[in-house]
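> Just to be clear, the model below is a prediction. Sequence and coordinates:
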Amino acid sequence: MSGSYERMNFITSFGFSIRWRRQFLQTLPGSDSTLKVIDLLTGMGESWKPIKQKYPNCELTALDFSEEMLKHAHRRNDKTFEKSVAIKQADILQSNLPADHYDIITCSFGLKTFNEQQLQVLAHEIKRILKEGGYFTFVEVSEPKNWLLRIAYSFYLGKVIPVLGRLFLGDPREYKMLWKYTSAFKNADHASTIFAKAGLKVSSLSFFFGCATGFYGTK
Ligand SMILES: C[S@@+](CC[C@H](N)C(=O)[O-])C[C@H]1O[C@@H](n2cnc3c(N)ncnc32)[C@H](O)[C@@H]1O
């Protein structure tokens, strides 16, 4: 999906994804210090701008395992961020990131494809790499609880988006996965419980009547 991901992301969420990427960071305390920040499942670096606005002097690392997504991320790094972002290609479920290292961990729209066991590994990994007193925040597209909104949203994501996907991409299959994953994921409550069980302090987030949910917290 890397060729059309950013455009489609904007359209599929009516531009809300940009707002949600700003909002999920609002849960964190800002700082001018040289904090170590890592953006997990960074994709093409869609969250870098709001992260850099919030942490202008941070050392930003960005991690993703997709070579194609990272090609776009490298382009963005060269063009807009003066190569200031350290891009790392790795699987977060088996990375060799340093322990007790990061002040801030962010992750936008990366949770929905993880199963139960992977979420447990993820939670332990966050606990391992985060400094004592460090913060994390996650956001994901979700199924709203209100039935009317859920019907409208499922029709839009499940039926309209694949058609738009065909127009942009020539193949609606990838975009059919969006609703498939979202309806299976439902919302971030379960992931949040898994993070709490791993020993992290967690609070829930909900944006636009539950069309995006997430959680944030500290170690
Ligand atoms: C939906 S995109 C989100 C991209 C970006 N964070 C955003 O806000 O749009 C999810 C990304 O997670 C990456 N990803 C999924 N599982 C991963 C894993 N286990 N380790 C590293 N990256 C992963 C995918 O390659 C993809 O780029």
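It's in.
> how much space between residue 165 and residue 66?
Going from residue 165 to residue 66 by Cβ to Cβ, to the nearest Å gives 18 Å. C-beta coordinates here come from the backbone N, C-alpha and C atoms, glycine included.
> And for residue 104?
The gap separating residue 104 from residue 66 is 23 Å, by Cβ to Cβ.
> which of those two has more neighbours?
residue 104 (24 against 17; other Cβ atoms under 10 Å).
> Convert the helix or strand containing residue 21 to PDB, retaining C-alpha atoms only.
Assigned by DSSP states H and E, residue 21 falls within helix 16-23. Listed next in PDB are the C-alpha coordinates belonging to helix 16-23 (Å, rounded to 0.1, in the frame of the first residue of the first chain):
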ATOM      1  CA  PHE A  16      -9.000  13.200  10.900                       C
ATOM      2  CA  SER A  17      -5.900  11.100  10.900                       C
ATOM      3  CA  ILE A  18      -3.800  14.200  10.900                       C
ATOM      4  CA  ARG A  19      -5.700  15.600  13.800                       C
ATOM      5  CA  TRP A  20      -5.600  12.300  15.700                       C
ATOM      6  CA  ARG A  21      -1.800  12.200  15.300                       C
ATOM      7  CA  ARG A  22      -1.600  15.600  17.000                       C
ATOM      8  CA  GLN A  23      -4.200  14.800  19.700                       C
END
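> Report whether the helix or strand following it contacts the ligand.
Going down the chain from helix 16-23, the next helix or strand is strand 36-40, by DSSP H and E. No. Applying Cβ under 6 Å from any ligand atom, one finds strand 36-40 separated from the ligand by no less than 6.9 Å.
> State the mean pLDDT of the longest strand along the chain.
In the chain, assigned by DSSP state E, the strand with the most residues is strand 130-141. Regarding strand 130-141, the rounded mean pLDDT is 97.
> May I have the strands that pair with it, each with its orientation?
Applying DSSP bridges to the sheet, strand 130-141 is found paired with strand 102-108 (parallel), strand 212-218 (antiparallel).
> Figure out which of those strands is closest to residue 4.
The minimum distance between residue 4 and the strands paired with strand 130-141 falls on strand 102-108, with 18.0 Å, by Cβ to Cβ.
> what about the closest residue to the ligand within the chain, is that helix, strand or coil?
Using Cβ to the nearest ligand atom, the single residue of the chain nearest to the ligand is residue 43, 2.4 Å away. Three-state assignment for residue 43 (DSSP: H, G, I helix; E, B strand; the rest coil): coil.
> Mind telling me what element the closest residue to it other than its chain neighbours is part of?
Take residue 43 and drop its neighbours on the chain: the residue closest to it by Cβ to Cβ, 6 or more residues apart in numbering is residue 69, 5.0 Å away. Assessed by DSSP H and E, residue 69 sits inside helix 67-80.
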